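J.: Attaching a predicted model along with its sequence, questions to come.
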Amino acid sequence: MSDSIVIIPTYNEIENIERMIHAVMNLPETFHLLIVDDGSPDGTGEVVKHLLSAYDGRLYLLERTEKNGLGTAYIAGFRWVLERHYTYCFEMDCDFSHNPNDLLRLLSCCKEEGADLAIGSRYVHGVNVVNWPMSRVLLSYFASKYVRLITGMKIHDATAGFKCYRTSLLSAINFDNIRFKGYAFQIEMKYIAYKMGFSLKEVSIIFTDRQVGTSKISGNIVWEAIFGVIRLRLSNINKYRNKV
């Protein structure tokens, strides 16, 4: 039994999914892995099903019927995880932009250094991004600067999606009131943790753009993040507290 589980949301990741599963399963630390697949028409879910028996008791598949946003996929995964009493829960992309080996460093940040939320940061020490066009690097970098200015969070990479949560943090949040579905979801979750007084720490990582497959980011997602931050700053944090 492991106290740590990684959630990977997928939509049309047929080129990456099998290699990613093997990479996580073969780390020196034992991780469980939950794939949340949004009905990928390319057969991503079928690949996962084929591997379930090979990693029985460590690999799980949560199938959804349609693509309904990154945030809702993670929330579905969080609910699944909280029912099974893990201590640490990770978010990670399937496209190898997040290095599976860095799961060990994020876990150590929570387990050994006491963080409630460890964030794999591209910008804590300069700019550690490989193979992105300069326009996208600048957009991401200055978006984080903007979020830091508006919210007051002392986080260099506000939109980072490579994270380790203590599940005690997740259980404190009322997921019914999470409003964002796209990449603003990543900002919202950090802001809630920050305002609730949890410990957030950044771990420097190197982010490498995907080599195969198609990026899911869109202009609407970017604008949601930019304009949503002001609404988030004006929100009453108490509505996010889990009263149960």
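T.: That came through, no problem. Numbering: from 1, shown residues only.

J.: Take stretch 101-108, keep the C-alpha atoms, and write them as PDB.
T.: What follows is stretch 101-108, C-alpha atoms only, in PDB (Å, rounded to 0.1, in the frame of the first residue of the first chain):
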ATOM      1  CA  ASN A 101      11.300  11.800 -11.500                       C
ATOM      2  CA  ASP A 102      10.300  15.200  -9.900                       C
ATOM      3  CA  LEU A 103       7.400  13.500  -8.100                       C
ATOM      4  CA  LEU A 104      10.100  12.300  -5.600                       C
ATOM      5  CA  ARG A 105      11.200  15.900  -4.900                       C
ATOM      6  CA  LEU A 106       7.600  17.200  -4.500                       C
ATOM      7  CA  LEU A 107       6.800  14.300  -2.100                       C
ATOM      8  CA  SER A 108       9.900  15.200  -0.100                       C
END
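
J.: Tell me the gap between it and the middle of its chain.
T.: 14 Å (Cα atoms, centre = their mean, to the nearest Å).

J.: cool, and stretch 38-53?
T.: Centre to centre, stretch against its chain (Cα atoms, centre = their mean), the figure for stretch 38-53 is 20 Å.

J.: Give me the contact list for it.
T.: For stretch 38-53, contacts defined as Cβ atoms under 8 Å, 6 or more residues apart in numbering pick out 9-14, 17-18, 21, 35, 37, 59-61, 63-68, 73. (Glycine included, C-beta is placed from N, CA and C.)

J.: buried stuff in that stretch?
T.: 38, 40, 44, 45, 47, 48, 51 (16 or more other Cβ atoms under 10 Å).

J.: Now the spatially most central residue of the chain: phi and psi?
T.: Nearest residue to the geometric centre of the chain (Cα atoms, centre = their mean): residue 91, 3.1 Å. Main-chain dihedrals, residue 91, degrees, to the nearest 10: phi -110, psi 130.

J.: which residues sit in contact with the closest residue to it other than its chain neighbours?
T.: Nearest residue to residue 91 in three dimensions, chain neighbours excluded: residue 163, at 4.7 Å (Cβ to Cβ, 6 or more residues apart in numbering). Taking Cβ under 8 Å, 6+ apart, we find residue 163 in contact with 90, 91, 106, 117, 118, 119, 120, 186.

J.: Between which two of those is the distance greatest?
T.: 106 and 186 (14.6 Å; Cβ to Cβ).

J.: Comparing those two, which shows the higher neighbour count?
T.: residue 106 (28 against 24; other Cβ atoms under 10 Å).

J.: Quick one: residues contacting that one.
T.: 90, 118, 120, 162, 163, 164, 203.

J.: any idea how far the host helix or strand of it is from the chain center?
T.: Assigned by DSSP states H and E, residue 106 falls within helix 103-111. Chain-centre distance of helix 103-111: 14 Å, with Cα atoms, centre = their mean.

J.: next structured bit after it?
T.: Past helix 103-111, the next helix or strand by DSSP H and E is strand 117-121.

J.: what are the ranges of the strands in the chain?
T.: 4-10, 32-37, 59-63, 88-91, 117-121, 129-130, 163-166, 200-204, 207-208 (DSSP state E).

J.: Let's have those strands in a markdown table, adding mean pLDDT and distance to residue 234.
T.: Shown next, in a markdown table, are the strands of the chain (pLDDT from 0 to 100; distance: least, Cβ to Cβ, whole Å):
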| stretch | mean pLDDT | distance to residue 234 |
| --- | --- | --- |
| strand 4-10 | 98 | 28 |
| strand 32-37 | 98 | 30 |
| strand 59-63 | 98 | 33 |
| strand 88-91 | 98 | 26 |
| strand 117-121 | 97 | 22 |
| strand 129-130 | 86 | 31 |
| strand 163-166 | 98 | 24 |
| strand 200-204 | 97 | 21 |
| strand 207-208 | 91 | 30 |
